[in-house]
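**Q** Provided below for reference: sequence and predicted model.
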Amino acid sequence: KDALYNITHLLHMLSNVEIVPQRIDLRTVIDAAVSKNTVHNKNLKLTINCPQNVFFVGSDDIYMTDLVYNIYKNSCEAVESLDNPSISITVNNEDEWNLIEIKDNGCGIPKDIKKQIFKPLVSNKQGSNNWGIGLYYAKKIVKSHNGHIFVESKQNKYTKFEIYLPVHTEQE
């Protein structure tokens, strides 16, 4: 009963993401998200393609770090047992959008789960720490920025998340 109350309370809190935008450098966000993660494979090949002071969003640095962290953490868990784990984080500009792409060579997401992956309490991972809230929260953060998030995955090959966020310019 207490667990159900806690989950319900947490979901309510997560549904009210309110951003007070300020100009945030995406490289700083990525570095903070990567350093926050505690799941590590010592053989992990991490590639970050995002120069400092090039890509900016109007955001709150805590929300933005949480967004990248949730997806990066999932990627780390997906490659945890691999001999040659690889994760890449790439940022590009596409017209008025910053595209953040996070790709791993992990286990992938089953098709039936992929269709629901951004819904609360949906997860294909076992364990008491996997409640299926991280990607739901990530989508809430993206939507609060008027952005878009997509996932592409092939089982036992890769998973790629694409996050589109509006570019923040000096004039804003």
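**A** Okay, I see it.
**Q** the closest residue to residue 154 other than its chain neighbours: neighbour count?
**A** Excluding the flanking residues, the one nearest residue 154 by C-beta to C-beta, 6 or more residues apart in numbering is residue 108, at 5.4 Å. The way it works is simple: take the backbone N, C-alpha and C, and place the C-beta from them, glycine included. Neighbours of residue 108 under the rule other C-beta atoms under 10 Å: 19.
**Q** what does residue 117 give?
**A** Neighbourhood size, residue 117 [other C-beta under 10 Å]: 22.
**Q** wait, it sits on residue 135?
**A** Yes - counting by C-beta atoms under 8 Å, residue 117 touches residue 135, with 5.5 Å between them.
**Q** what's the helix or strand for residue 48?
**A** strand 45-49 (DSSP states H and E).
**Q** how about the residue nearest to residue 154, secondary structure?
**A** coil (DSSP: H, G, I helix; E, B strand; the rest coil).
**Q** contacting residues for the residue most central in space within the chain?
**A** Per C-alpha atoms, centre = their mean, the C-alpha nearest to the average position across the chain is that of residue 71, at 2.8 Å. Going by C-beta atoms under 8 Å, 6 or more residues apart in numbering, residue 71 touches 102, 134-135, 138, 161, 163.
**Q** do residue 94 as well
**A** Per C-beta under 8 Å, 6+ apart, neighbours of residue 94: residue 164.
**Q** what does residue 29 give?
**A** Residue 29 neighbours (C-beta under 8 Å, 6+ apart): 61, 64-65, 68.
**Q** pull out the buried residues from the longest helix seen in the chain.
**A** For the chain, the longest helix by residue count, based on DSSP state H, is helix 61-79. Buried residues in helix 61-79, counted by 16 or more other C-beta atoms under 10 Å: 63-79.
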